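*Asks:* For reference, the sequence and a predicted model appear below.
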Amino acid sequence: MPPPAPTQVIMEAWVKGVNPKGNSTNPSNWDFGSSFFFAGTVVTTIGYGNLAPSTEAGQVFCVFYALVGIPLNVVFLNHLGAGLHGHLATLERWEEQPRRSQLLQILGLALFLTLGTLVILIFPPMVFSHVEGWSFGEGFYFAFITLSTIGFGDYVVGTDPSKHYISVYRSLAAIWILLGLAWLALILPLGPLLLHRCSQLWLLSRGLSLKDRGAPEMDGLPRPQKIPISA
């Protein structure tokens, strides 16, 4: 059996956490930044699969860490969503407010969604594309696959052995993942709410009240009477 090719040996070493360069600036895949990134992908259930513990002790610890970290992350995201609902409690009395206030609330929600999209889904793919040498489409694809927790693993930041990454690069990527998931937890209830408010404002602009969307009343006509059914 012929020995494995040098390229295969290098790739296997890289997957197992050994940097083929072996220098002091980027000594291992398991430095703090990479470990922080791995921990983030575990608790968010993304699981790219490009980096995983190879020792028995590391695998056992990863199991217990996931059992604790995943529920805590879910609780964290749920609390963010609940906090947003409490912050927007005034929207429950939306119909009682003046037309100007209604319009300002809709514009504020639209601005929030737009800025969040730029900060979470537009600007980070541009940075990833520049650092990793990807196209913007590939960077956006990576962002979507990551924040949707699909995590194919075909595109992962900070895994090219030919590039020199700053030490905090993957840590910043992990923070972006957590913030992105939190942002999604915030906007998921806002999307239907914004559409509902826009439809209400459109109906009001046409001189229709909320009652006009129901069945028309038969003014001037006798209403049907309930007839008791005897046994």
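*Replies:* Noted; the coordinates are in hand.

*Asks:* Only C-alpha atoms from now on, for both contacts and neighbour counts.
*Replies:* Noted.

*Asks:* pretty sure S34 is touching A173, no?
*Replies:* No. Taking contacts as CA atoms under 8 Å, S34 lies outside contact range of A173: 9.8 Å.

*Asks:* More neighbours: which of these two?
*Replies:* Counted by other CA atoms under 10 Å, S34 and A173 do not tie: S34 has more neighbours, with 23 against 20.

*Asks:* tell me which residues of the helix or strand hosting F123 are tucked away?
*Replies:* Taking DSSP states H and E as the criterion, the element that holds F123 is helix 123-132. In terms of neighbour count (16 or more other CA atoms under 10 Å), helix 123-132 has its buried residues at 124-126, 128-129, 132.

*Asks:* which of the residues you listed sit farthest apart?
*Replies:* Spatially, the most separated pair among those is P124 and E132, at 11.8 Å (CA to CA).

*Asks:* Report the buried residues of the helix or strand containing L184.
*Replies:* According to DSSP H and E, L184 maps onto helix 169-187. Residues 170-171, 173-174, 176-178, 180-187 are the ones in helix 169-187 that count as buried (16+ other CA under 10 Å).

*Asks:* which one of those residues sits closest to I46?
*Replies:* Nearest to I46 out of the buried residues of helix 169-187 is I177 (CA to CA; 9.7 Å).

*Asks:* Flag every buried residue along stretch 68-79.
*Replies:* Under 16+ other CA under 10 Å, the buried positions of stretch 68-79 are 69-70, 73, 77.

*Asks:* I misspoke; the intended subject was stretch 143-154.
*Replies:* For stretch 143-154, a neighbour-count test (16+ other CA under 10 Å) marks 143-147, 149, 151, 153 as buried.

*Asks:* same for the strand or helix carrying L204, what does it pack against?
*Replies:* L204 is part of helix 190-205 when elements are defined by DSSP H and E. The contact analysis (3 or more CA pairs under 8 Å, 6 or more residues apart in numbering; DSSP states H and E) places helix 190-205 against helix 99-117.

*Asks:* Run the angle between the helix it packs on and helix 190-205 for me.
*Replies:* Counting by axes from the mean of the first three to the mean of the last three CA atoms, to 10 degrees, helix 99-117 lies at 150 degrees to helix 190-205.

*Asks:* Show me which positions of helix 99-117 end up buried.
*Replies:* Going by neighbour count (16+ other CA under 10 Å), the buried part of helix 99-117 is 102, 105-106, 113, 116.
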